[in-house]
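[1] Predicted model and sequence below, questions to follow.
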Amino acid sequence: MNFETGDDRRMLAETLRRHLAESYGFAHRTRVAYDAPFHDPAGWQALSDLGLLYAFADEAAGGMGGTGFDVAVVFEEIGRALCPEPVLPALLAAKLLARAGAPLDALLSGGARFAVAMGEADAPYDLDGIGAEARESAGGWTVTGRKSVVYGAGAADTLLVLARGPEGLSFFEVAATDAQVVPYGMIDGGPAGEVLLDTTPARPLALDRAAAEDALDWAALALAAEALGAMEAAFAMLVDYLGTRKQFGQPIGAFQALQHRTVDLRIEIEQARSIVIAAAAAMGGPDQSHRASQAKHLVGRIARQVAEEAIQMHGGIAMTWEYPVSHYAKRLVMIDHQFGDTDHHLERLIAAVRAG
């Protein structure tokens, strides 16, 4: 496996990191992430103008990437900057629409905004528990049901809704104005919402359950990479704090116990990076689901450890709203609960082993 980042991806990472550092400083992030619309519409447009979304599709679909490494590079920088823009829904929509053979021009240019409505209150992760129903009548297709914690719902023009039709699970395109969307901000910042559908007009997409499973794998990779970026940022702040905070006349980073804990964290983060690389390399191949679940499971566990250790070694200041570590810690913990937590993905891995 090649662990080196190519020139194109390195340039993408550097450009995105520089842009986010200039446009999404911590003070700006806290202003926009927790008040409606829970992101910065101008910031979203700037990211679109930067060409960020083109990294989510291959050249045949009008993009400039679309590989696992392209996605991982983008989301690592998103996590490093703690950016609250609804980039993940755009990734999932790009993968689903490309799979359905639909045009991607409007999405990739930022002219159309999408949200993917999959999870439900009684089935946050499990596709078998999906209760939303799609029916066809003389007037066309309609969808009825409720989708919960739909990321980016309040900022979307179009919803891609997973529902159960006559032939099983499939996705249906729904205009956001036709659905009842109740937007809110997540506890760690960023837009989400409840989507209520009652015989809502819909257009079927040529997608099946396999498309939903594929989307979940891409979500797992993206979130694992985002957590990696957030862990790197939190770790850098911790190392800086240990080198400047003094006790008994010397930096607390000189104390051997804290040195050992810091080294242990560095090792864990490098393990997280290795599994993200493995998952990125596996996307599109026979090991995609296995590697994606491995990444989401392992990174979820390590992210919680990094969040806890960063707070403990900082002390009380890390619990304050004004200090960035508290926000990184919240995001790291909440990433584990998006699109399958550590327990869910461990169960997927066990089931796969038992199935042979």
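    Yep, that arrived.
[2] buried residues in the strand or helix carrying residue 264?
    Element membership for residue 264 (DSSP states H and E) is helix 256-282. Across helix 256-282, burial judged by 16 or more other CB atoms under 10 Å covers 258, 261-262, 265, 268-269, 272-273, 275-282. Any C-beta I mention is one placed from the backbone N, CA and C, and that applies to glycine too.
[3] Repeat that for stretch 130-141.
    Going by neighbour count (16+ other CB under 10 Å), the buried part of stretch 130-141 is 130, 132, 134, 141.
[4] residues in contact with that stretch?
    Stretch 130-141 is contacted by residues 118, 120, 122-123, 142-147, 161-166, 169-170, 172, 197, 199, 201-204 when judged by CB atoms under 8 Å, 6 or more residues apart in numbering.
[5] how distant is that stretch from the center of its chain?
    When C-alpha coordinates are averaged (CA atoms, centre = their mean, to the nearest Å), stretch 130-141 and its chain have centres 29 Å apart.
[6] Convert that stretch to PDB, retaining C-alpha atoms only.
    Provided in PDB are the C-alpha atoms of stretch 130-141 (Å, rounded to 0.1, in the frame of the first residue of the first chain):
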ATOM      1  CA  ILE A 130     -36.500   1.400   8.000                       C
ATOM      2  CA  GLY A 131     -40.200   2.100   8.200                       C
ATOM      3  CA  ALA A 132     -40.700   4.900   5.700                       C
ATOM      4  CA  GLU A 133     -42.900   3.700   2.800                       C
ATOM      5  CA  ALA A 134     -43.100   4.600  -0.800                       C
ATOM      6  CA  ARG A 135     -46.200   4.000  -2.900                       C
ATOM      7  CA  GLU A 136     -47.100   4.400  -6.500                       C
ATOM      8  CA  SER A 137     -50.500   5.600  -7.600                       C
ATOM      9  CA  ALA A 138     -52.100   7.200 -10.600                       C
ATOM     10  CA  GLY A 139     -50.700  10.500  -9.500                       C
ATOM     11  CA  GLY A 140     -47.100   9.200  -9.200                       C
ATOM     12  CA  TRP A 141     -44.900   8.200  -6.300                       C
END
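[7] Quick check: mean pLDDT of it?
    Stretch 130-141 carries an average pLDDT of 95.
[8] and if you look at stretch 33-44?
    Model confidence over stretch 33-44 averages 95 on the pLDDT scale.
[9] What of stretch 47-55?
    Per-residue confidence for stretch 47-55 averages out to 95 on the pLDDT scale.
[10] For that stretch, which outside residues touch it?
    Residues beyond stretch 47-55 that count as contacts (CB under 8 Å, 6+ apart) turn out to be 12, 15-16, 19, 62-66, 70-71, 73-74, 85, 87, 90, 94, 107-111.
[11] mind listing what's buried in that stretch?
    Buried residues in stretch 47-55, defined by neighbour count with 16+ other CB under 10 Å: 47-48, 50-55.
[12] can you check stretch 187-197 too?
    When burial is assessed from 16+ other CB under 10 Å, stretch 187-197 yields the following buried residues: 188-195, 197.
[13] Could I get those residues in CSV, plus columns for pLDDT?
    Converted to CSV, those look like this (pLDDT from 0 to 100):
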residue, pLDDT
188, 95
189, 94
190, 95
191, 96
192, 97
193, 97
194, 98
195, 98
197, 98
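[14] Return the closest of those with respect to residue 325.
    Taking CB to CB as the measure, residue 325 sits nearest to residue 188 out of these, at 13.0 Å.
[15] can you give me the helices in this protein?
    If DSSP state H is used as the criterion, the helices of the chain fall at 7-23, 26-33, 41-49, 68-81, 87-100, 105-108, 209-244, 256-282, 288-314, 324-335, 342-355.
[16] Tabulate those helices (a markdown table), appending distance to residue 176.
    Conversion of the helices of the chain to a markdown table gives the following (distance: least, CB to CB, whole Å):
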| stretch | distance to residue 176 |
| --- | --- |
| helix 7-23 | 26 |
| helix 26-33 | 20 |
| helix 41-49 | 15 |
| helix 68-81 | 23 |
| helix 87-100 | 12 |
| helix 105-108 | 14 |
| helix 209-244 | 19 |
| helix 256-282 | 31 |
| helix 288-314 | 28 |
| helix 324-335 | 24 |
| helix 342-355 | 28 |
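[17] Relative to residue 181, which of those helices is closest?
    Across the helices of the chain, the minimum distance to residue 181, taken as CB to CB, is reached by helix 87-100, at 12.9 Å.
[18] what about that closest one, average pLDDT?
    Summarised as a single mean, pLDDT over helix 87-100 is 97.
[19] now for it, which elements pack on it?
    Contact analysis of helix 87-100 by 3 or more CB pairs under 8 Å, 6 or more residues apart in numbering; DSSP states H and E lists helix 68-81, helix 105-108, strand 114-117, strand 158-165, helix 209-244 as its packing neighbours.
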